[in-house]
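K.L.:
this is a predicted model, with the sequence first.
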Amino acid sequence: MGEGHDHVSDGGGHAGHDHTAGANARSLTIALALTGSFLIAELVGAWWFNSLALLSDAAHMFTDAAALAIALAAINIGQRPADKERTYGYRRFEILAAAFNAVLLFVVAGYVLYEGVMRFFSPEPVQSVGMLIVASIGLLVNLIAMRVLAGGKEASLNVKGAYLEVWADMLGSLGVIGAAILIYFTNWSWIDPIVAIAIGLWVLPRTWVLLRDTTHILLQGVPRGMDLDAIRAVIGAVPGVAGVHDLHVWSVAGDDASLTAHIGVADGQDQTAVRKAIVEMLEGEFKIHHSTLQTETEPCGDEDALHD
């Protein structure tokens, strides 16, 4: 049986090129310092002024701080080269941290929703003026952080994600400010848990999406936006290809794609030329820059496997 093996990568190894390379670490550090400092202040304010809405907004701001820390860590840790123990490099650190962040936020949001329902039926006094002051400072912090991150959000997926997190929290701060004003003029303390529940319900779907996407990557699922059947069909249409099986496509960190496959080559065809044509097609049509292809002129016996 004639066989060939080809391994093609654009970056000299499984780590590939890191899309966080263009991120502005200084901007992330400044934004993290602002957000982290105010997070502590908001937690104290939520306890001091007895505001569940502030606590809920603090939970959301925690996700901002976590997103900023993840983005910053991805620059520092993700740039480490692959080694003998971690042949894919360290880029998956970002995915692991994001998954942990999602699980923790589910717990916090669940607590806020529970307390919100309890307080709705048994409202407690809320110091609206203090609540308004803390939320207004939070809004200012969010606006400054957004300004700091704006310059790098187009060049870095990490920075863009962190920017969107801060933007979403800015909306939460506006909600708390509105609640504080209403409580001040109406003395309706039940508005506080209503806003807390609203923020919690706003955070939960986004948290679920984050957990779903990170789990998908950790389980080495086909990257979002890619159709495995379409990839198989296009490979099969390359001249000289007689069949495709053991086709796998996965991502290390969510913004990359790797592929392995067994390619049946028709008799009399140049295996090297066929592999080269497939690689060029994968790069051009699917942006898959890291592929490992094994060619064969006879069936290897597992074409009927589930992953064919």
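P.N.:
Arrived safely. Every value quoted in this text rests on a predicted model; they were computed, and no experiment measured them. Numbering: from 1, shown residues only.
K.L.:
what about the helices in the stretch 151-300 of the chain?
P.N.:
Along the stretch 151-300 of the chain, counting by DSSP state H, counting those that start in this stretch, helices occupy 157-186, 191-218, 228-236, 271-286.
K.L.:
which strands and helices sit next to the longest one?
P.N.:
Right, helix 157-186. helix 25-48, helix 52-78, helix 128-150, helix 191-218 (3 or more CB pairs under 8 Å, 6 or more residues apart in numbering; DSSP states H and E). Heads up, the C-betas are built off the backbone N, CA and C, glycines and all.
K.L.:
quick check: the closest residue to residue 27 other than its chain neighbours vs residue 35, distance?
P.N.:
Among residues not flanking residue 27 along the chain, residue 148 sits closest, at 5.0 Å (CB to CB, 6 or more residues apart in numbering). To residue 35, residue 148 is 10 Å away according to CB to CB, to the nearest Å.
K.L.:
between those two, which one's more packed in?
P.N.:
Legend: neighbour count by other CB atoms under 10 Å for residue 148 and residue 35, higher for residue 35 (27 against 21).
K.L.:
deepest of the helices and strands packed on helix 157-186, which one?
P.N.:
Of all the helices and strands packed on helix 157-186, helix 52-78 has the most neighbours on average by mean count of other CB atoms under 10 Å, namely a mean of 25.
K.L.:
other SSEs contacting that helix?
P.N.:
For helix 52-78, the packing partners by 3+ CB pairs under 8 Å, 6+ apart are helix 25-48, helix 93-121, helix 128-150, helix 157-186, helix 191-218.
K.L.:
now mean pLDDT and distance to residue 282 too, for those, in TSV please.
P.N.:
As requested, the helices and strands packed on helix 52-78 are arranged in TSV below (pLDDT from 0 to 100; distance: least, CB to CB, whole Å):
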stretch	mean pLDDT	distance to residue 282
helix 25-48	85	33
helix 93-121	79	23
helix 128-150	86	34
helix 157-186	79	21
helix 191-218	83	20
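K.L.:
could you dump the ones you listed to a markdown table with distance to residue 260?
P.N.:
Listed next are the helices and strands packed on helix 52-78 as a markdown table, based on distance: least, CB to CB, whole Å:
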| stretch | distance to residue 260 |
| --- | --- |
| helix 25-48 | 34 |
| helix 93-121 | 20 |
| helix 128-150 | 37 |
| helix 157-186 | 25 |
| helix 191-218 | 17 |
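K.L.:
where does the stretch 201-308 of the chain dip in pLDDT?
P.N.:
Applying pLDDT under 70 to the stretch 201-308 of the chain flags the ranges 298-308.
K.L.:
ok so, going back, would you turn the helices of the stretch 151-300 of the chain into TSV with distance to residue 245?
P.N.:
Converted to TSV, those look like this (distance: least, CB to CB, whole Å):
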stretch	distance to residue 245
helix 157-186	33
helix 191-218	23
helix 228-236	9
helix 271-286	14
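K.L.:
okay, the strand ranked longest in the chain in PDB with CA atoms only?
P.N.:
Under DSSP state E, the strand in the chain containing the largest number of residues is strand 241-250. This file holds the C-alpha atoms of strand 241-250, laid out as PDB (Å, rounded to 0.1, in the frame of the first residue of the first chain):
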ATOM      1  CA  VAL A 241      -9.000  12.400  -4.400                       C
ATOM      2  CA  ALA A 242     -10.800   9.100  -4.300                       C
ATOM      3  CA  GLY A 243     -12.200   9.400  -0.700                       C
ATOM      4  CA  VAL A 244     -11.900  11.100   2.600                       C
ATOM      5  CA  HIS A 245     -12.200   9.600   6.100                       C
ATOM      6  CA  ASP A 246     -11.000  10.100   9.700                       C
ATOM      7  CA  LEU A 247     -11.700  13.800   9.200                       C
ATOM      8  CA  HIS A 248     -11.300  15.900  12.300                       C
ATOM      9  CA  VAL A 249     -11.400  19.600  12.700                       C
ATOM     10  CA  TRP A 250     -11.000  21.400  16.100                       C
END
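K.L.:
thanks a lot, catch you later.
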